[in-house]
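K.L.:
Let's see this in three dimensions:
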Amino acid sequence: MTPSGGPVTVHFDGASVAGRAAWGFTVDGAGLDHEACGRVLPRGGPPGSPDSTNNVAEYTAAVRALEYLRERGYRGPVEMLGDSQLVVRQFRGEYTVRAAHLLPLFERLQDLARGFERVSFEWVPRELNRRADSLSKEGLHVG
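P.N.:
Okay, here's the model as predicted:
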């Protein structure tokens, strides 16, 4: 069974402190309400490496949210809301992805987005992204 309805709204955020990075997201709509968080595991890099940055955490949050929706069979419209201007503007094509360590995450996000009817990214101020922000900070203490 494929969940229907929509659009689904996702709030996503990332956090980075002392060489550790984490992600968090919330999903609302289409009977798929969910929230999750976790640590970003550096791809072989030491703490403080480019794999442990806030930008990596922000991208990871967006990727994990779309993976969650895909795993549940949802293919309808998705509204992604985040306070990372970098992720939002790179997804929209307004900024070029210049950092080599972000390119695989950008490509994964683009690939996932093609599996939905429509995915839009909108920037929101941090105060309108509080739960995702809180979850990303909780993720710093996971595992």
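K.L.:
The spatially most central residue of the chain: what's its closest spatial neighbour, skipping adjacent residues?
P.N.:
Against the mean C-alpha coordinate of the chain, by C-alpha atoms, centre = their mean, the closest residue is residue 62 at 1.5 Å. Setting aside the residues directly before and after it, residue 62 is nearest to residue 12 in space (C-beta to C-beta, 6 or more residues apart in numbering), at 4.8 Å. Where C-beta positions appear, they are placed from N, C-alpha and C, glycine not excepted.
K.L.:
Could you verify that the one you found is part of a strand?
P.N.:
Yes - assigned with DSSP: H, G, I helix; E, B strand; the rest coil, residue 12 falls within a strand.
K.L.:
what bridges to it?
P.N.:
The residues paired with residue 12 through beta bridges, assigned by DSSP bridges, are residue 25, residue 82.
K.L.:
my read: it touches residue 35, true?
P.N.:
No - applying C-beta atoms under 8 Å, one finds residue 12 not in contact with residue 35, separated by 10.6 Å.
K.L.:
all helices for the chain, in order.
P.N.:
For the chain, helices defined by DSSP state H occupy the ranges 54-71, 85-92, 103-113, 130-139.
K.L.:
Identify the residues contacting the second one?
P.N.:
Helix 85-92 has contacts (C-beta atoms under 8 Å, 6 or more residues apart in numbering) with 55, 58-59, 62, 80, 82, 95-97, 102, 106, 109-110, 113, 121-123.
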